[in-house]
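Enquirer: here is my input; please provide its structure:
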Amino acid sequence: MYEVTERRLARWTTLRLGGEAARLVIVTTDAGLCAMAEAADARVEPFTVLGSGSNVVVGDAGLNGTVAVVRTRGISATSLDTGKVAFTAAAGEQLADLVAWSVAERLAGLECLAGIPGTVGATPIQNVGAYGQEVSDTLHAVRAFDRKLRRTVTLPAAQCAFGHRTSLFRHTDRWLLLSVTFHLRPSRLSTPIRHAEVARSLGNEVGGRVPIELIPDAVTAIRRVKGMVLSPDDPDTRSVGSFFANPVVTADQAKDVRRRIGSAPPQWPERGNVKLSAGWLVERAGWCRGDGVGAVRISTKHALALTNPGGGTTQQLLDLAGRIRTGVRQLSGVLLEPEPRFLGCAL
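Expert: Here you go, the predicted model:
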């Protein structure tokens, strides 16, 4: 654990936006993270946890109190009597590294999450998912420090209240996530492909299976075309990925959207409801790729990514997001929900 002098939070976020932290500390142990949180709580001071900064929007004025950047490490695996393998990853591990490790070990269940930036500890918060997989599909338990009870607890998946891009941890700072345990099944083949675009890229069909090592390359290639793979040479990747979540509505609401717009948005079944394409709604509301406010822009590659090619401010980002959200609601009646966390600002 050590304090750093580079406190500009723009340096620690993929959007490259945000003012200074009053104090910024790199934390490498669970004990250190828990002790810092307890000390801050005792002083009634703000305490903020950052992973890779790939899913946060930080205000231009910065943050008071302490910001802890989690860099804990460690992955362990144990074979289970069920035939599955339980593996636990520290919160500070990179999700991309965990996916690569699981594929190399031929453990199926996370392969479609390849190319997503961020740390393992952040994945349960919004139930990270892409291309037909979510972490809740294979997550077994979360170990966390409960700041209210002041002790470390283990929460099984059933207690994590997972939903579409949400969980028990989404709108609270009560929990400090320390590690995540997954149960994966050994297999040379991927889980059944659920996403049509992935299936097409592999010359397969939805529901088909392929050698597991083929999935990460296929998914990463699709993400790269959409500007969803971080690249220092591509300003379109200076984002938080999809800024808005695909809205989940009832079947009747989906019909109402079609009536309002005159055509049906791309949609998929989602736990008894209907998931609509947020990107389609954004473009139907009149927003084009490359449109922006100030220096902040909609990506030229993907209508859901709001980017900071350089020189932007968080306020410009919020203005752009707000205008998009209002336009979509006026057109379709659907209120788009943002995916990132907002720190020191609000939409």
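Enquirer: how about the nearest residue to A21, chain neighbours excluded?
Expert: Leaving out its chain neighbours, the residue that sits closest to A21 by CB to CB, 6 or more residues apart in numbering is V67, at 4.1 Å. Glycine gets a C-beta too; all of them are placed from N, C-alpha and C.
Enquirer: next, give phi and psi for that neighbour.
Expert: V67 has phi and psi values of phi -110, psi 120 when expressed as degrees, to the nearest 10.
Enquirer: same question for L184.
Expert: L184 has phi and psi values of phi -120, psi 150 when expressed as degrees, to the nearest 10.
Enquirer: what's in contact with stretch 189-205?
Expert: 108-109, 111-112, 131-133, 206-212, 214-215, 218-219, 221-222 (CB atoms under 8 Å, 6 or more residues apart in numbering).
Enquirer: cutoff 7 Å now
Expert: Taking contacts as CB atoms under 7 Å, 6 or more residues apart in numbering, the residues outside stretch 189-205 that touch it are 108-109, 111-112, 131-132, 206-212, 214-215, 218-219, 221-222.
Enquirer: same deal with stretch 61-70?
Expert: Defining contact as CB under 7 Å, 6+ apart, one finds that stretch 61-70 is touched by 9, 12, 18-27, 33, 36, 40, 45-51, 91-92, 119, 121, 343-344.
Enquirer: do me a favour and get the end-to-end distance for stretch 115-131?
Expert: The separation between the terminal residues of stretch 115-131, taken as CA to CA, to the nearest Å, is 11 Å.
Enquirer: how far does it sit from the chain's center?
Expert: If you compare the mean C-alpha spot of stretch 115-131 with that of the full chain, they lie 4 Å apart, counting by CA atoms, centre = their mean, to the nearest Å.
Enquirer: quick one: the helices in the stretch 151-300 of the chain?
Expert: Listed in chain order, the helices of the stretch 151-300 of the chain (DSSP state H, counting those that start in this stretch) span residues 196-201, 214-225, 251-261, 278-284.
Enquirer: the closest residue in space to G118 that isn't next to it in sequence: what's it in contact with?
Expert: Counting by CB to CB, 6+ apart, S54 is the residue found nearest to G118 once chain neighbours are left out, at 4.4 Å. Counting by CB under 7 Å, 6+ apart, S54 makes contact with T14, P117, G118, V240.
Enquirer: what sits against the second one?
Expert: Put plainly, it is P117. With contacts taken as CB under 7 Å, 6+ apart, P117 has the following neighbours: T14, S52, S54, A96, L230.
Enquirer: outline the domain layout of this structure.
Expert: Described in terms of automatic domain parsing, the domain architecture of the chain consists of the residue ranges 2-70, 75-225, 235-343.
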